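Colleague: The following block contains a protein sequence and its predicted model.
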Amino acid sequence: MEPPHIMNRPNRTEEIDITEIFNQAWAELYCPPVRLSLVQEGGDDGDRPLSPAPFSVLNGTIYLKPDIVPRGCDPKRFLLWYFRHEMAHIHNCPYDIKTAYSLERAAYKVVGDWSLAYLATHIFADLQVNLNYLPKRFNEIPYIISVIGERASSLLDEILQGVYVNIHSAIKPKHRDISEAGREIATIISLNKTWHTKVQMIAIILRRLRSRCPRLFSKGKMRKFIIENPIRIREDFLPNSMSMIEETYGSITDQEEAREFFRHWVEPRLPRGEMEEAEEKLKRRLKIRRSRKKEKKGGGDEKKEGPHGGKEVDLKKDFKVSDDLFGDEPHLSTSLSKPYDKIGSNSMREAFWKRYWYRSRAERIIIQYLAESPSRRPVWSVAKYPDEWYIEDDIEDLDVEMSLDEGPLIPEVTTLKWVEEPTSQGQSIISGFVPSAITVLDSSYSMIKTHDVAAIAAFIAHLSAFKAGGQTSVVNFSTRYVSADWNSPPDVKELTLSMSFNEFTVFPAYEVMRLASSNRGVCFIVIITDGGWQNVDEAVPLLERMADLGHKIFIFQLPGGEYMDRIEFIKRSPHIQVYRVDKPEVDLQNLVLSESIRTYRKFLT
């Protein structure tokens, strides 16, 4: 806990020890250990959440504004009850993110509006704490009830004022409709009903109130209300708050529901400037690529090179291309595949929130797979020396890279595994080479119906390698592409995989080659696409060249356009493994997961 914070009251000789008052409320409600941080006016606190609420919490740190006490009230009494109220949310209602979100979903089922559902949940949580839990816990009506009526400023305060007028006669409501709605809500809170039933009844009342007073519920006011009034949950008071919230986020499969969850539960808790910082990082990467491109142009053209350097090759030397391979679509040259010069602000905003959803979904799927799959008991073990791998051994023990160094893959002749020597019981620590991964995502127009599923699968491949300790790089392409190389920050890689361009389909073969050649070891290349490459005749020979160098290439073909001729053209290559995915929602993630875990299982602990 930080040193005591002293509040000086104007025109008073009394000084208030905020820390002492806070500690009293904290001890009374058995809260988790936290740190109290006083937010100075105009101060720069980068870790503080986006929400400007006077009392905001994240990762076990409470950020408190010094001007929290209203004029004309007892400051000590107000602060004590204010702290009791805020911390009672994590002790009683809504308690944690799972309970809070289940209440919001229950409200949404009856009104079909996520903003109204969130407001209903917030009102219910406040009233449950102030009218049921705290009065029984301390045998008196909370002092802050009388204060709310005197300083009602937000939509939430006005509605609560309409409720409290039935309890504290000194409070006078401003709006007749709000007063009537408040009376009905006060009756609901006193009923012997379940929490979910009560929040649904409150949501219905709010919907009727909105029809009578639409200005109170404008989109701008509701948006401001959600950012400024986050519902307090237990995860806020614990370390790694966002990781715990994302566990629930990962259970959401619908895009619109995921967007609203982000707005209500994730965005208000993000550090200030998070989106601007991510956008700046991405712009910096794009600027670096442009400057490198200019340097290459200024260096002369003594040798005939491909678009990304290196000796130009005859891409069609060993491949016969049918005249009708591209059908009605135009044939586009691989030379058109260049980095995007800039990303629009709308695309950035969309990718920003989707990044959290895709990552949450992918992590949840990986964890479930590892938990449900049979695996050896974790022990301390060290890979000592290579030995022959036999048919009866586990397939996960086969070290493909080491075996290929011995020659063609012949079972029980050139197949090798590492012999691990166990030590004392504990976590599994295994030394060895972790393959690097290049994740390539097709976000062209033909992929628009399956983009979310494809992006989550791309995150699975990327995170499997990242969490196993392997080097990772990613490419997202349409007509052009955005790539994040081996040295890019993790958030830039995730942001790259979250974008959607909805243009033509030109496979960035030279960029994938550049990434593979800039990595010292063998790469695990995962390509998620519908196969409608408009440069397939040029891309496949380049992929063949990468396969000849030992890189493992897996293509997961999704339904999109009718591209059977192009898919068959890709399948002609014996070194490119193509998986057909007929039901993306069911099969894609499991296929990518199986292939990723097969490669990285022994490194994921």
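Modeller: Nice, thanks for sending it over. Numbering: from 1, shown residues only.
Colleague: Next, give phi and psi for Ile252.
Modeller: When read as degrees, to the nearest 10, the backbone of Ile252 gives phi -90, psi 130.
Colleague: Distance check, the closest residue to it other than its chain neighbours against Gly250.
Modeller: Spatial nearest neighbour of Ile252, chain neighbours left out: Ala258 (4.7 Å); criterion: Cβ to Cβ, 6 or more residues apart in numbering. From N, CA and C alone the C-beta is placed, and that goes for glycine too. Per Cβ to Cβ, to the nearest Å, Ala258 is found 10 Å from Gly250.
Colleague: likewise Gly469?
Modeller: Distance, Gly469 to Gly250, using Cβ to Cβ: 22 Å.
Colleague: How about Glu363?
Modeller: 6 Å.
Colleague: Also Lys65?
Modeller: Distance, Lys65 to Gly250, by Cβ to Cβ: 33 Å.
Colleague: Please enumerate the strands of the stretch 1-150 of the chain.
Modeller: 6-8, 15-17, 35-38, 55-58, 61-64 (DSSP state E, counting those that start in this stretch).
Colleague: Which of these has the lowest mean pLDDT?
Modeller: For the strands of the stretch 1-150 of the chain, mean pLDDT drops lowest on strand 6-8, to a mean of 49.
Colleague: returning to what we had before: contact partners for the residue nearest to Ile252?
Modeller: Contacts for Ala258 were tallied using Cβ atoms under 8 Å, 6 or more residues apart in numbering; they are 249, 252, 354, 357.
Colleague: burial of the residue nearest to the first one when sequence neighbours are not counted, as a residue count?
Modeller: Computed as Cβ to Cβ, 6+ apart, the closest residue to Tyr249 that is not its neighbour in sequence is Ser360, at 4.1 Å. Applying the criterion other Cβ atoms under 10 Å, we find 26 residues in the vicinity of Ser360.
Colleague: Report the secondary structure element holding Ser360.
Modeller: Here Ser360, judged by DSSP states H and E, is contained in helix 345-372.
Colleague: is it possible to export the contacts of Ala258 to CSV including neighbour count, distance to Glu184 and pLDDT?
Modeller: Output for the contacts of Ala258, formatted as CSV (neighbours: other Cβ atoms under 10 Å; distance: Cβ to Cβ, whole Å; pLDDT from 0 to 100):
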residue, neighbour count, distance to Glu184, pLDDT
Tyr249, 23, 33, 97
Ile252, 20, 31, 97
Lys354, 24, 39, 98
Trp357, 26, 36, 98
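Colleague: Not counting sequence-adjacent ones, nearest residue to Cys31?
Modeller: Cys31's closest residue in space is Met87 (Cβ to Cβ, 6+ apart), at 5.0 Å.
Colleague: Surely that neighbour is in contact with Ala27?
Modeller: No - counting by Cβ atoms under 8 Å, Met87 stays clear of Ala27, with 10.2 Å between them.
Colleague: neighbour count winner among those two?
Modeller: For Met87 versus Ala27, the count of surrounding residues by other Cβ under 10 Å is larger for Met87: 25 against 9.
Colleague: contacting residues for that one?
Modeller: Here Met87 is in contact with 25-26, 29, 31, 232 (Cβ under 8 Å, 6+ apart).
Colleague: Flag the shaky bits of the stretch 401-550 of the chain, pLDDT-wise.
Modeller: Within the stretch 401-550 of the chain, the ranges that satisfy pLDDT under 70 run 420-433.
Colleague: Can you show me the strands along it?
Modeller: 416-425, 436-442, 472-477, 481-484, 523-529.
Colleague: closest to Glu274 out of those?
Modeller: Of all the strands of the stretch 401-550 of the chain, it is strand 481-484 that lies closest to Glu274, at 17.7 Å by Cβ to Cβ.
Colleague: circling back to that earlier point, may I see the strands of the stretch 401-550 of the chain organised as JSON lines, with distance to Thr450 added?
Modeller: Supplementary listing: the strands of the stretch 401-550 of the chain in JSON lines, determined by distance: least, Cβ to Cβ, whole Å:
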{"stretch": "strand 416-425", "distance to Thr450": "37"}
{"stretch": "strand 436-442", "distance to Thr450": "10"}
{"stretch": "strand 472-477", "distance to Thr450": "15"}
{"stretch": "strand 481-484", "distance to Thr450": "19"}
{"stretch": "strand 523-529", "distance to Thr450": "9"}
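Colleague: Return the residues in contact with Phe477.
Modeller: Residues in contact with Phe477 (Cβ under 8 Å, 6+ apart) are 337, 440-444, 501, 505-508.
Colleague: which among the residues you listed end up buried?
Modeller: The neighbour-count criterion (16 or more other Cβ atoms under 10 Å) marks 337, 440-444, 501, 505-508 among those as buried.
Colleague: so how far is Pro230 from Gln128?
Modeller: In terms of Cβ to Cβ, Gln128 sits 17 Å off from Pro230.
Colleague: Just the buried residues of stretch 392-411, please?
Modeller: Within stretch 392-411, the residues that qualify as buried are 397-404, counting by 16+ other Cβ under 10 Å.
Colleague: got it, and stretch 119-137?
Modeller: Buried residues in stretch 119-137 (16+ other Cβ under 10 Å): 119-131, 133-134, 137.
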